[in-house]
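Visitor: pasting a predicted model and its sequence here:
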Amino acid sequence: MAGGLLGYIERARKLLADAKVGANPFEGQTPEVPDGQNLSGDNGPGSESWAKYEKVGMENLAGCCFCLVAGGMGERLGFPGVKIQLAPECVTAKPFIQLYIEHILAFRNFARQKTGNCDLQCELAIMTSGDTNPGTFKLLEENDFFGMPKECCTIMMQEKVPALMDSDARISLGDEGSVDTKPHGHGDVHTLLHTTGLAKKWLDAGKTHVLLFQDTNPLPFRSLCALLGVSIEQGFTMNSVTVPRCPGEAVGGIAKLVGKDGSSLTINVEYNQLDPLLKSTPAGGDVADQSGFSPYPGNINVILMELTGYQAALERTKGVMPEFVNPKYKDESKQAFKKPTRLECMMQEFPRLLSQSDRTGFTQMDRFMCFTCVKNSIEEALPKVKAGQPADTALSAEADVYNSNAKLLQLAGASVGAASKVSWLGIEADIGAKIVLAPSFAVSYEDIKHKIKGNVNISARSTLVLEGNVMLEDLDLDGTLFVKAEPGAQAVLKGLKVTNAGSDLVSSEDPLKHPPFMRIRGYELDLKDCERLVVDSGVKTFP
């Protein structure tokens with residue numbers, strides 16, 4: 001804790017006093033629509049803008065490092081383990097952490113080919129908490145770090161902070177008089193990247209950028225190359241990935257806050273603070289513009305930092321983030337809390353630590369290119385769905401994975417059957433062809449585009465997994481097909497027709513037969529028939 005326990009209590013008393021009187025944290029600041037790059041809609045994959053930025057990013061992948069924020073357990077999901085053990089889809093059932101590492105290794109391998117440097121290494125930092133640290137280590141160790149060199153993966157554990165029982169910031173005590181503690185928030189990632197020396201180490205090694213991402217979003221790596229290209233071309237020290245945001249949606253919005261002295265700050269404003277802040281603008285609140293969306297793009301907490309500016313800010317500030325408090329009061333006296341609270345910090349608040357010379361912006365993308373998540377159990381999701389909010393369950397995220405991959409193949413020229421509605425335990429989603437594009441298949445849309453030729457037709461009931469260097473040159477698929485090209489090999493599907501009984505998602509009659517990380521779904525994959533094609537070396541054409 002910055003300033004030790006005494007400093008923590010002093011900050012808590014001030015923040016709790018402000019919360020008690022409802023102090024406005026944005027007093028004296030005027031919101032404006034921020035500067036950024038729009039790569040959504042007509043500017044998305046397939047456009048000249050997307051191609052321009054993606055090509056720049058592909059040329060500069062060698063400079064990218066990665067940092068996963070994974071301090072949360074899966075209790076809200078009804079899962080007893082660390083969330084990165086969950087699987088985003090049940091066709092391959094690979095856990096999130098394996099998917100992330102395979103993406104990072106695919107970027108490394110692509111960069112090695114581009115640069116000719118076979119010694120080029122990837123770098124991954126993982127921020128854990130006291131809750132997730134043992135499980136994260138165990139998962140990585142038991143799986144030999146999923147192919148990543150162990151020395152390239154650094155685990156950083158954040159500390160918890162004392163819980164507070166009332167507005168006087170008295171410390172809450174737990175069992176047997178021990179201090180009750182709670183997580184301090186994902187903003188600690190910046191402090192840890194400073195205190196471990198990792199940011200400086202990466203910069204000294206010639207790395208240029210670090211991508212910060214969270215633990216149950218399987219999609220942001222599809223857009224990394226375009227994001228990196230925007231950061232380089234626009235000179236952004238901090239570049240936040242955003243999505244089109246509906247007014248009132250429970251997602252923070254990126255806004256440019258202009259002070260009375262002319263200074264400005266481009267930063268995330270939490271959704272519950274955005275509408276009050278916008279009341280003073282001509283729009284009169286959190287409302288849509290002519291696009292049908294809010295002009296303030298939605299923050300998804302995927303952030304790309306340019307390392308030179310980032311390290312300078314860390315040296316100057318030690319990465320200590322501004323804190324906030326969100327107490328739930330017992331009564332109108334606003335003295336005692338319903339349950340203990342604590343000070344928190346958020347990683348997206350980092351612009352407050354940057355200098356005026358650092359350029360902060362955003363890159364807006366369609367959700368299918370960058371965002372979905374698994375954060376709610378079925379029980380937690382049902383009332384949210386009834387209120388018109390996203391389900392954010394295993395089913396909704398799995399549907400998003402398949403639909404994202406289908407959309408990418410369609411944009412590249414393939415024909416994919418339309419999705420239809422499915423439902424399990426009251427949660428609905430649109431699922432058609434169950435398509436899994438492994439990270440080794442392609443690192444970007446431009447990469448995918450060059451692997452689709454001729455007539456590629458995939459029926460809505462099909463399941464397709466592509467891994468490694470696979471070329472699709474005339475394919476007619478109505479069933480299940482797994483294709484894998486080992487490193488250095490290539491598989492060419494030329495005039496291939498596959499028809500079989502395929503596979504379906506069906507209700508789980510006996511969930512206990514599955515490992516815990518698969519039980520939260522309420523459904524499973526029924527693999528009736530499957531054609532598997534594997535190329536160990538050289539080039540092989542099928543049929």
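Guide: Sure thing, it's come through.
Visitor: with adjacent residues omitted, what lies nearest to A336?
Guide: Among residues not flanking A336 along the chain, K330 sits closest, at 4.5 Å (C-beta to C-beta, 6 or more residues apart in numbering). Where C-beta positions appear, they are placed from N, C-alpha and C, glycine not excepted.
Visitor: I'd say the one you found and K339 touch.
Guide: No - with contact defined as C-beta atoms under 8 Å, K330 and K339 do not form a contacting pair (9.4 Å).
Visitor: give me the neighbour count for G259.
Guide: G259 is flanked by 11 other residues according to other C-beta atoms under 10 Å.
Visitor: count the residues that sit near the nearest residue to it once chain neighbours are set aside.
Guide: In this structure, G259 finds its nearest non-sequential neighbour in Q29, 5.6 Å apart by C-beta to C-beta, 6+ apart. Neighbour count for Q29, taken as other C-beta under 10 Å: 21.
Visitor: so who does G309 touch?
Guide: Residues near G309 by C-beta atoms under 8 Å, 6 or more residues apart in numbering: T237, M238, L354, D358.
Visitor: dump those residues to a markdown table, plus neighbour count and pLDDT.
Guide: Output for the contacts of G309, formatted as a markdown table (neighbours: other C-beta atoms under 10 Å; pLDDT from 0 to 100):
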| residue | neighbour count | pLDDT |
| --- | --- | --- |
| T237 | 23 | 97 |
| M238 | 25 | 97 |
| L354 | 22 | 96 |
| D358 | 19 | 95 |
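Visitor: which of these sits closest to G130?
Guide: If you rank the contacts of G309 by distance to G130 using C-beta to C-beta, M238 comes first, at 28.5 Å.
Visitor: isn't the closest one up against N299?
Guide: No - the criterion here is C-beta under 8 Å, and M238 misses it with N299 at 11.9 Å.
Visitor: tell me the spacing between the residue nearest to G259 and A283.
Guide: In this view, Q29 and A283 are 16 Å apart by C-beta to C-beta, to the nearest Å.
Visitor: same question for V33.
Guide: Applying C-beta to C-beta, the value for V33 to A283 is 10 Å.
Visitor: give the residues shared as contacts by these two.
Guide: Residues within reach of V33 and of A283 at once, by C-beta under 8 Å, 6+ apart, are P295.
Visitor: can you count the residues close to M165?
Guide: 17.
Visitor: what packs against the longest helix seen in the chain?
Guide: Ranked by residue count and defined by DSSP state H, the top helix of the chain is helix 96-115. Packing partners of helix 96-115 (3 or more C-beta pairs under 8 Å, 6 or more residues apart in numbering; DSSP states H and E): helix 48-59, strand 64-69, strand 124-128, helix 133-142.
Visitor: give me the domain ranges for the protein.
Guide: Structural domains assigned to the chain are 72-104+124-153, 378-543, following automatic domain parsing.
Visitor: indicate which one of those is closest to K14.
Guide: K14 sits nearest to domain 72-104+124-153 of all those, at 25.8 Å, using C-beta to C-beta.
Visitor: run the chain-centre distance for the closest one.
Guide: On the basis of C-alpha atoms, centre = their mean, to the nearest Å, domain 72-104+124-153 sits 14 Å off its chain's mean C-alpha point.
Visitor: okay, A2: pLDDT?
Guide: Per-residue confidence (pLDDT) for A2: 76.
Visitor: these two touch, right, it and V320?
Guide: Yes - under the contact definition of C-beta under 8 Å, A2 touches V320, with a separation of 4.5 Å.
Visitor: rewinding a little: state the phi and psi torsions of the residue nearest to G259.
Guide: Phi and psi for Q29, reported as degrees, to the nearest 10, are phi -110, psi 140.
Visitor: need the contact list for it.
Guide: Neighbouring residues of Q29 by C-beta under 8 Å, 6+ apart: L257, V258, G259, L265.
Visitor: next: H103.
Guide: Shown in contact with H103 (C-beta under 8 Å, 6+ apart): F221, P439.
Visitor: now with 10 Å, please.
Guide: Going by C-beta atoms under 10 Å, 6 or more residues apart in numbering, H103 touches F66, C122, P218, P220, F221, R222, L224, A438, P439, S440, V443.
Visitor: could you tell me which of the residues you listed belong to helices?
Guide: L224.
Visitor: need the contacts of H103 in a markdown table (columns: neighbour count, distance to T154 and pLDDT).
Guide: Shown next, in a markdown table, are the contacts of H103 (neighbours: other C-beta atoms under 10 Å; distance: C-beta to C-beta, whole Å; pLDDT from 0 to 100):
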| residue | neighbour count | distance to T154 | pLDDT |
| --- | --- | --- | --- |
| F66 | 23 | 11 | 98 |
| C122 | 23 | 12 | 95 |
| P218 | 23 | 22 | 97 |
| P220 | 23 | 20 | 96 |
| F221 | 24 | 19 | 98 |
| R222 | 24 | 25 | 95 |
| L224 | 27 | 20 | 98 |
| A438 | 19 | 25 | 98 |
| P439 | 21 | 21 | 98 |
| S440 | 21 | 24 | 98 |
| V443 | 24 | 23 | 98 |
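Visitor: now tabulate the contacts of H103 in CSV and tack on distance to I104.
Guide: Shown next, in CSV, are the contacts of H103 (distance: C-beta to C-beta, whole Å):
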residue, distance to I104
F66, 5
C122, 5
P218, 14
P220, 12
F221, 8
R222, 13
L224, 10
A438, 13
P439, 8
S440, 11
V443, 11
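Visitor: for the contacts of H103, which one is nearest A199?
Guide: Lowest distance from A199 to the contacts of H103 (C-beta to C-beta) belongs to F66, with 12.6 Å.
Visitor: can you give me the distance of the closest one to V210?
Guide: According to C-beta to C-beta, F66 stands 7 Å off from V210.
Visitor: break down the stretch 351-500 of the chain into its strands, ranges please.
Guide: Remark: strands assigned in the stretch 351-500 of the chain by DSSP state E, counting those that start in this stretch are 360-365, 415-416, 420-424, 427-431, 434-437, 452-458, 463-467, 470-478, 480-485, 490-499.
Visitor: buried residues, stretch 205-214. List them.
Guide: Across stretch 205-214, burial judged by 16 or more other C-beta atoms under 10 Å covers K207, T208, H209, V210, L211, L212, F213, Q214.
Visitor: same check, this time on stretch 172-182
Guide: Going by 16+ other C-beta under 10 Å, stretch 172-182 has these buried residues: S172, D180, T181, K182.
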